[in-house]
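Trainee: The amino acid sequence is not available; the structure is as follows:
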């Protein structure tokens with residue numbers, strides 16, 4: 001959605017093929033190797049404009065079995081944060097759709 005508005009984003013869960021939750025890889029292909037994950041991240045990162053902000057969903061230092069590269073994790077930890085709030089009903093709807 002943000003991509004369609006021209007906002008730079010980094011989808012860690014998409015690159016790791018894991019939803020980063022207790023539902024993990026349910027319904028998804030197997031996770032890539034660590035090298036494949038890092039290559040996918042590099043593919044995205046190398047095309048971003050360093051002069052513009054990049055939106056990244058808050059994740060832990062691992063997405064499924066794939067740890068984030070330490071330099072990326074450190075940058076995320078140091079970055080400003082935006083808290084998005086939504087009612088439980090709005091948060092539950094996409095979960096019900098994603099996890100039949």
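Mentor: Nice, thanks for sending it over. Keep in mind that this is a model prediction, so the values were computed, not measured.

Trainee: Now for the spatially most central residue of the chain: which residues touch it?
Mentor: In the chain, the centroid-proximal residue (Cα atoms, centre = their mean) is residue 12; its distance is 2.7 Å. The contact partners of residue 12, taken as Cβ atoms under 8 Å, 6 or more residues apart in numbering, are 20, 41, 56-57, 59, 63, 68. Yep, even glycine has a C-beta here, placed from its N, CA and C like the rest.

Trainee: now with 6 Å?
Mentor: Contacts for residue 12 (Cβ atoms under 6 Å, 6 or more residues apart in numbering) come out as 59, 63.

Trainee: Please report how far it lies from residue 85.
Mentor: 21 Å (Cβ to Cβ, to the nearest Å).

Trainee: Residue 79 now?
Mentor: Distance from residue 79 to residue 85, by Cβ to Cβ: 19 Å.

Trainee: Off-centre distance for the worst-scoring helix or strand of the chain on mean pLDDT?
Mentor: Ranking every helix and strand in the chain by mean pLDDT, DSSP states H and E puts helix 88-98 at the bottom, with a mean of 85. Offset of helix 88-98 from its chain centre (Cα atoms, centre = their mean, to the nearest Å): 18 Å.

Trainee: same deal with stretch 88-100?
Mentor: The answer for stretch 88-100 is 18 Å, by Cα atoms, centre = their mean.

Trainee: From residue 21, how far out is the residue located most distally from the centre of the chain?
Mentor: Centroid-distance maximum for the chain: residue 89 at 22.3 Å, with Cα atoms, centre = their mean. To residue 21, residue 89 is 18 Å away according to Cβ to Cβ.

Trainee: Residue 34 now?
Mentor: Residue 34 is 20 Å from residue 21, by Cβ to Cβ.

Trainee: How about residue 12?
Mentor: Taken as Cβ to Cβ, the span from residue 12 to residue 21 is 12 Å.
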